[in-house]
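Asker: can't give you the sequence, but here's the structure:
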């Protein structure tokens, strides 16, 4: 029995589909690497961050709390790094800006972030709370338009840092990033793959805002 072959029309449709798939994939990866490469220069060490003058805020991005209300390990590491960087800027006039999701009674990143920051030795008078930072873009937007940020140091994990810095730069904020410690997370592969799409989403958001 002869194998059924695609018609000329079917071959053209398949060729167009494959071409569109490759073009879309190339675009997504291109944007992803552009965001990464454009922001590598702005990631600094804790020692380098301590030398930066006229910082308005050390901004810690929220990333989840457990069912018992305590921060996830990832968020705890951001808060620890944020406290260390903030203390290194002693007498600079900077504030610690905590930003995250406070969407309901059963989910409150900011209460946990404030509590841990107090435990980490940050005085309440040195903290500001942005409880409508529902996304990375919104956190950066609020930093500029609500809190008047011009020069900030961002605290988050490496995989997330490039996008945060890119958004800040696009909004006209001069920003540097200090990465929080990143041990192995079981979900890291999934997060990294999702971050590729998130970089593309925020790239377009910044372009058309």
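Answerer: Cool, got the structure. Worth saying up front: this structure is predicted, and the values here are computed from it rather than measured. Residues are numbered from 1 along each chain as shown.
Asker: what helix or strand is residue 160 on?
Answerer: In the assignment (DSSP states H and E), residue 160 maps to helix 158-170.
Asker: how far does that helix sit from its chain's centre?
Answerer: Offset of helix 158-170 from its chain centre (C-alpha atoms, centre = their mean, to the nearest Å): 6 Å.
Asker: quick one: buried residues of that helix?
Answerer: Using 16 or more other C-beta atoms under 10 Å as the test for burial, helix 158-170 gives 159-170. Glycine gets a C-beta too; all of them are placed from N, C-alpha and C.
Asker: average pLDDT for the helix or strand following that helix?
Answerer: Sequence order places strand 174-179 as the next helix or strand after helix 158-170, per DSSP H and E. For strand 174-179, mean pLDDT is 98.
Asker: buried set for whatever helix or strand comes next after strand 174-179?
Answerer: Once strand 174-179 ends, the next helix or strand along the chain (criterion: DSSP H and E) is helix 188-208. Neighbour counts over helix 188-208 (16+ other C-beta under 10 Å) mark 195-196, 198-200, 202-203, 206 as buried.
Asker: which parts of the protein are strands?
Answerer: Assigned by DSSP state E, the strands in the chain fall at 57-61, 95-99, 127-130, 151-156, 174-179.
Asker: who touches residue 38 in this structure?
Answerer: 166, 169 (C-beta atoms under 8 Å, 6 or more residues apart in numbering).
Asker: mind checking pLDDT for it?
Answerer: If you check residue 38, the pLDDT there is 96.
Asker: same check, this time on residue 66
Answerer: 86.
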